[in-house]
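Q: Just need the structure, nothing else, for what follows:
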Amino acid sequence: MTKSDDKKLEALARKNAAKAAKPKPEKRRRYDDTLPPDREEDLDARGLFDEMKKRDF
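A: All right, here's what the predicted structure looks like:
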């Protein structure tokens, strides 16, 4: 590889690393405004069940 190819590759790697570093927001959609806000343990349980859905048993 030439030096210009190396520089282009490094720039692309930095660009992709910056994209990967951005965390996804954990905000859930709210369809009913009359529902009480989610409690912290509800969010933990939801995360656990979301992870369980991804796995095969």
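Q: Next SSE downstream of the helix ranked longest in the chain?
A: Longest among the helix segments of the chain by residue count, using DSSP state H, is helix 3-21. Beyond helix 3-21 in the direction of the C-terminus, DSSP states H and E gives the next helix or strand as helix 40-54.
Q: where does this structure have low pLDDT?
A: For the chain, the stretches flagged by pLDDT under 70 are 1, 20-30, 38-41, 57.
Q: hmm, try it at 90
A: 1-5, 13-57 (pLDDT under 90).
Q: before we move on, the earlier item: mind listing what's buried along the longest helix of the chain?
A: Along helix 3-21, not one residue counts as buried under the neighbour rule (16 or more other Cβ atoms under 10 Å). From N, CA and C alone the C-beta is placed, and that goes for glycine too.
Q: Let's see that helix as PDB, backbone CA atoms only.
A: Listed next in PDB are the C-alpha coordinates belonging to helix 3-21 (Å, rounded to 0.1, in the frame of the first residue of the first chain):
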ATOM      1  CA  LYS A   3       1.200   6.200   2.000                       C
ATOM      2  CA  SER A   4      -2.000   7.900   0.600                       C
ATOM      3  CA  ASP A   5      -3.800   4.600   0.800                       C
ATOM      4  CA  ASP A   6      -2.700   4.200   4.400                       C
ATOM      5  CA  LYS A   7      -4.000   7.700   5.200                       C
ATOM      6  CA  LYS A   8      -7.300   7.000   3.600                       C
ATOM      7  CA  LEU A   9      -7.700   3.800   5.400                       C
ATOM      8  CA  GLU A  10      -6.800   5.400   8.800                       C
ATOM      9  CA  ALA A  11      -9.400   8.200   8.100                       C
ATOM     10  CA  LEU A  12     -12.000   5.600   7.200                       C
ATOM     11  CA  ALA A  13     -11.200   3.700  10.400                       C
ATOM     12  CA  ARG A  14     -11.600   6.800  12.500                       C
ATOM     13  CA  LYS A  15     -14.900   7.700  10.800                       C
ATOM     14  CA  ASN A  16     -16.300   4.200  11.500                       C
ATOM     15  CA  ALA A  17     -15.100   4.200  15.000                       C
ATOM     16  CA  ALA A  18     -16.900   7.500  15.700                       C
ATOM     17  CA  LYS A  19     -20.100   6.000  14.300                       C
ATOM     18  CA  ALA A  20     -19.800   2.900  16.500                       C
ATOM     19  CA  ALA A  21     -19.100   4.900  19.600                       C
END
